[in-house]
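Undergrad: pasting the structure only:
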């Protein structure tokens with residue numbers, strides 16, 4: 001599966017969070033985790049969307065999914 005998150009911004013975020021040096025494997029693992037969590041949140045938010053009889057996923061659906069997870 002192709003990566004959805006770009007490698008450089010994730011590495012930069014990790015460095016800004018205090019990591020002086022970040023290995024490629026660490027960034028790859030972080031991206032894997034973020035993609036998994038994004039899918040989980042999106043699926044939960046889609047439940048809210050469908051339950052409301054809508055097709056468009058909204059910010060509010062995401063916020064509710066985050067509260068429920």
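TA: Arrived safely, thanks for sending. Because the structure is predicted, anything quoted here is derived from the model rather than measured.
Undergrad: so what's the residue count around residue 27?
TA: Using other Cβ atoms under 10 Å, residue 27 has 20 neighbouring residues. Just so you know, the C-beta spots here come from the backbone N, C-alpha and C atoms, and that holds for glycine as well.
Undergrad: same question for the one 5 residues further on.
TA: Number of residues near residue 32 (other Cβ under 10 Å) recorded here: 13.
Undergrad: equivalent analysis for residue 50, please.
TA: The local packing of residue 50 (other Cβ under 10 Å) involves 12 other residues.
Undergrad: again, but for residue 45
TA: Residues contacting residue 45 under the criterion other Cβ under 10 Å number 22.
Undergrad: separation between the closest residue to residue 58 other than its chain neighbours and residue 64?
TA: Leaving out its chain neighbours, the residue that sits closest to residue 58 by Cβ to Cβ, 6 or more residues apart in numbering is residue 49, at 7.2 Å. Distance, residue 49 to residue 64, using Cβ to Cβ, to the nearest Å: 10 Å.
Undergrad: of the two, who's got more company?
TA: residue 49 (19 against 16).
Undergrad: so which helix or strand takes in that one?
TA: helix 24-51 (DSSP states H and E).
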